[in-house]
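> sequence unavailable; structure follows:
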Ligand code: MCN
């Protein structure tokens with residue numbers, strides 16, 4: 001690339017580093033004298049641990065120490081961090097059974113770690129781990145929430161009778177009952193929001209170094225933000241937060257999965273302190289399948305009541321969430337409050353009631369996964385709306401129009417207590433309908449039919465809650481340097497392009513080139529949220545703007561001193577402070593050389609509600625059952641857009657993840673709790689070809705809740721694509737009489753559905 005071209009390169013600034021292999025990930029930390037950990041994991045779904053014999057492992061050359069659950073218990077590391085602390089139905093509180101950071105007494109899922117070997121080399125640690133002898137007494141397993149909550153199910157935790165971790169509700173049960181009694185039509189469906197494995201490209205890993213001089217634990221780990229990690233490690237171990245220094249540079253994807261302080265890291269703390277050397281552990285992919293948290297995993301029965309005119313009267317949900325063998329840090333929020341904040345979807349529904357029951361099962365713990373409950377909710381609502389449209393023979397776009405929250409009712413207080421701020425649902429829909437040529441679909445369907453294909457069109461109009469974090473505010477610090485500006489944040493990009501977008505925010509306010517601004521993540525201890533919940537632009541991004549404005553104000557006083565005038569006489573534009581009406585001026589960086597400027601921007605930012613309409617088309621080959629996505633049209637309102645290329649990239653990635661779940665991804669356990677999909681040979685990740693041509697349009701209504709007018713976008717593509725693509729497939733099959741299919745819509749499933757529909761059709765004609 002010539003210099004001239006390089007200058008015009010408009011990609012993300014981090015990409016040159018990331019695509020040339022010069023990024024620094026968890027496994028790239030290599031500390032002098034480091035030891036290597038290997039975990040012994042349960043190969044049973046559910047069993048009592050009768051004994052763990054570590055004698056042979058301990059004698060293996062190079063082994064420093066072998067830890068078991070007893071060591072975790074002795075250290076007192078038995079209570080895992082769980083963010084939910086609000087009451088549920090009838091004031092009950094979530095049951096948080098003890099979870100020693102190495103299993104003691106019992107294992108509850110395949111992959112549950114019960115011993116840790118620490119040795120001089122990774123090979124020695126692995127070899128010795130194979131010498132650990134575990135005697136189990138097998139117990140029956142239960143692998144779905146529905147079965148776990150049924151009477152007589154095997155019990156996982158004695159603290160949680162009936163395997164019920166939490167019984168939560170949202171909305172008004174009585175109002176819903178009354179509304180159903182008045183309904184002219186009720187649409188019902190039981191839906192599986194399938195369990196999936198996030199599988200970031202980077203394998204999970206951590207190296208802990210304990211520094212006895214000051215009692216600090218240096219934790220080199222893949223994270224979503226330093227504060228969330230410190231808070232959890234402190235909560236689990238009782239070590240004060242300030243004793244943790246978390247180091248991270250590049251993160252190779254996370255999708256909600258890496259916000260947690262996993263048990264392995266806590267055991268590494270213990271070992272590093274005791275053995276006086278850094279302790280490193282890097283997962284393998286197969287290990288990741290059984291120890292990295294999974295996502296989604298709900299069975300939801302939904303009922304939508306409508307009046308004679310197709311107006312929605314009430315929505316009722318019975319939501320069963322599969323939490324896995326233990327509560328994760330975030331999973332319980334993803335299946336209670338998160339989905340209930342958007343339970344009305346984009347519709348005016350006078351009465352809502354949802355009951356959410358969280359169950360323990362003998363599977364890997366479930367945690368937040370891109371959308372964290374909002375895609376699940378959107379999927380349920382949008383499937384019901386499409387089904388209602390089919391049952392009432394109303395065009396699905398028209399049924400939506402009829403029920404949208406009208407523009408003049410924003411800010412809109414929903415029956416489950418959210419306040420949707422500003423949006424314009426009708427404009428989004430009309431743009432999408434035009435963009436996708438909704439009206440031209442019958443002709444396209446006919447054409448596909450002539451080619452022997454079944455064509456369907458899918459629509460989803462969705463909204464979600466982004467922004468608002470766990471920490472009281474978001475702080476960003478700006479420091480001038482010799483020739484530029486350093487911006488410090490505690491949010492942590494995992495691929496979202498913050499180094500580009502945040503620099504653009506600051507550069508825009510200051511009227512300077514983005515190249516002058518350097519984003520530095522997680523190196524200063526500031527108050528602020530981790531990157532998750534699509535909140536970084538709303539929070540840290542807004543704080544960037546506020547900090548830049550403060551820099552200008554402070555710069556004016558300093559410039560006034562230099563220029564020997566009153567600050568009120570100084571104006572600022574494009575990197576230059578100038579005395580009004582005079583030629584006297586001083587450049588920002590010239591000033592900074594004389595007097596470095598350091599300012600803090602901060603604020604508390606409320607939820608924003610990005611929304612969108614995704615219209616998709618699929619063509620199914622009845623001979624093979626293969627569904628091809630032949631059109632993907634997305635219109636999204638994510639408020640003011642900072643960088644359209646990044647926004648499109650975020651939507652593309654999330655749509656691919658949604659499509660992955662719709663067409664192939666699925667975590668499957670057998671009755672004994674054995675994971676049947678524990679590698680890429682049997683767990684079907686999406687390939688680029690699955691969603692070839694995503695077209696996207698912005699339809700912004702600025703948020704009124706933050707300085708930038710932005711709404712989050714990082715998860716929107718998941719939320720919209722899952723219902724839209726599923727609706728498209730069902731639209732293709734409905735003419736055959738197929739009313740319902742659960743994900744994943746694999747070729748085999750579609751082929752069978754088509755065959756049996758045609759067979760019963762033929763039987764009828766006979
Ligand atoms: N953006 C913008 N204009 C807006 C909104 C956002 O230009 N109106 C840009 C932002 O500046 C940022 C990106 O879009 O560069 C995403 O911003 P935002 O929506 O604020 O989301 P976060 O940065 O907080 O990212 C979190 C979100 C979540 S919750 C998951 S999960 C997720 C996702 O982002 N995981 C990802 N996107 C991911 N992308 C990659 N590559 N890897 C992951 O692990």
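Arrived safely. None of these values were measured; they are calculated from a predicted model.
> for the nearest residue to residue 660 once chain neighbours are set aside, grab the count of nearby residues.
In space, not counting the residues next to it along the chain, residue 660 is nearest to residue 686; the distance is 3.4 Å by CB to CB, 6 or more residues apart in numbering. (Each C-beta comes from the backbone N, C-alpha and C, glycine too.) The burial count assigned to residue 686 is 18, neighbours taken as other CB atoms under 10 Å.
> what do you get for residue 751?
The burial metric for residue 751, expressed as a neighbour count using other CB under 10 Å, is 17.
> same thing with residue 703?
Taking other CB under 10 Å as the criterion, the count of residues near residue 703 is 29.
> and the pLDDT for it?
According to the prediction, residue 703 has pLDDT 97.
> equivalent analysis for residue 688, please.
The pLDDT attached to residue 688 in the predicted structure is 89.
> how far away is it from the ligand?
Residue 688 is 14 Å from the ligand, where distance means CB to the nearest ligand atom, to the nearest Å.
> ok, for residue 206, nearest residue in space, not its chain neighbours?
If the residues on either side of it in the chain are set aside, residue 206 comes closest to residue 221, at 4.1 Å by CB to CB, 6+ apart.
> what does residue 628 give?
Once flanking residues are discounted, residue 628 sits nearest to residue 619: 5.0 Å by CB to CB, 6+ apart.
> over to residue 463?
Distances taken as CB to CB, 6+ apart put residue 611 closest to residue 463, at 3.9 Å, once the chain neighbours are dropped.
> just residue 366 next, same as before
Leaving aside its sequence neighbours, residue 366 is closest to residue 331 (4.5 Å, by CB to CB, 6+ apart).
> for that neighbour, give me the pLDDT.
In this model, residue 331 is scored at 94, pLDDT.
> now it: phi and psi?
The main-chain torsion angles of residue 331 are listed as degrees, to the nearest 10 and equal phi -60, psi -40.
> was I right to think it contacts residue 364?
No. With contacts counted by CB atoms under 8 Å, residue 331 stays clear of residue 364, the gap being 10.5 Å.
> and the residue nearest to residue 463, its phi and psi?
The phi and psi torsions at residue 611 (degrees, to the nearest 10) take the values phi -150, psi 170.
> run through the strands of the stretch 351-500 of the chain in chain order.
Taking DSSP state E, counting those that start in this stretch to define them, one finds strands in the stretch 351-500 of the chain at 351-360, 412-413, 419-420, 454-463, 466-467, 474-480, 485-489.
> what of the stretch 601-750 of the chain?
Counting by DSSP E, counting those that start in this stretch, the stretch 601-750 of the chain has these strands, from start to end: 607-608, 611-620, 627-637, 694-698.
> of those strands, which stretch is the most buried?
Per residue and on average, the most neighbours among the strands of the stretch 601-750 of the chain fall to strand 611-620, with a mean of 28 (mean count of other CB atoms under 10 Å).
> hmm, back to that, can you tell me how far the residue nearest to residue 366 is from residue 302?
The spacing between residue 331 and residue 302, counted by CB to CB, to the nearest Å, is 21 Å.
> correct me, but residue 109 touches residue 674?
No. Counting by CB under 8 Å, residue 109 does not reach residue 674; the two are 10.3 Å apart.
> identify all contacting residues around whichever strand or helix holds residue 562.
When elements are assigned from DSSP states H and E, residue 562 belongs to helix 542-563. Residues external to helix 542-563 that are found in contact with it (CB atoms under 8 Å, 6 or more residues apart in numbering): 474-478, 480, 485, 487, 489, 502, 505-506, 509-510, 528, 566-567, 569-570, 572, 577, 579, 584-586, 588, 591, 594-595, 597, 599-603, 605, 706-708, 710.
> quick check: buried residues in it?
Neighbour counts using 16 or more other CB atoms under 10 Å place 542-548, 550-552, 554-556, 558-560, 562-563 of helix 542-563 among the buried residues.
> next, the angle from that helix to strand 474-480.
Relative orientation of helix 542-563 and strand 474-480, computed by axes from the mean of the first three to the mean of the last three CA atoms, to 10 degrees: 30 degrees.
> quick one: helix 542-563 to strand 485-489, angle?
Using the same axes, to 10 degrees, the direction of helix 542-563 lies 150 degrees away from that of strand 485-489.
> now what about the helix or strand following helix 542-563, what contacts it?
Secondary structure here is assigned by DSSP H and E; on that basis, the next helix or strand after helix 542-563 toward the C-terminus is strand 570-573. Surrounding strand 570-573, the residues in contact under the criterion CB under 8 Å, 6+ apart are 511, 552, 555, 556, 559, 560, 563, 577, 578, 579, 580.
> wait, is residue 255 part of a helix?
No. Using DSSP: H, G, I helix; E, B strand; the rest coil, the secondary structure at residue 255 is coil, not a helix.
> report pLDDT for it.
The predicted local confidence for residue 255 comes out at a pLDDT of 97.
> now do residue 472
Predicted confidence (pLDDT) at residue 472: the value is 95.
> residue contacts, it?
527, 604.
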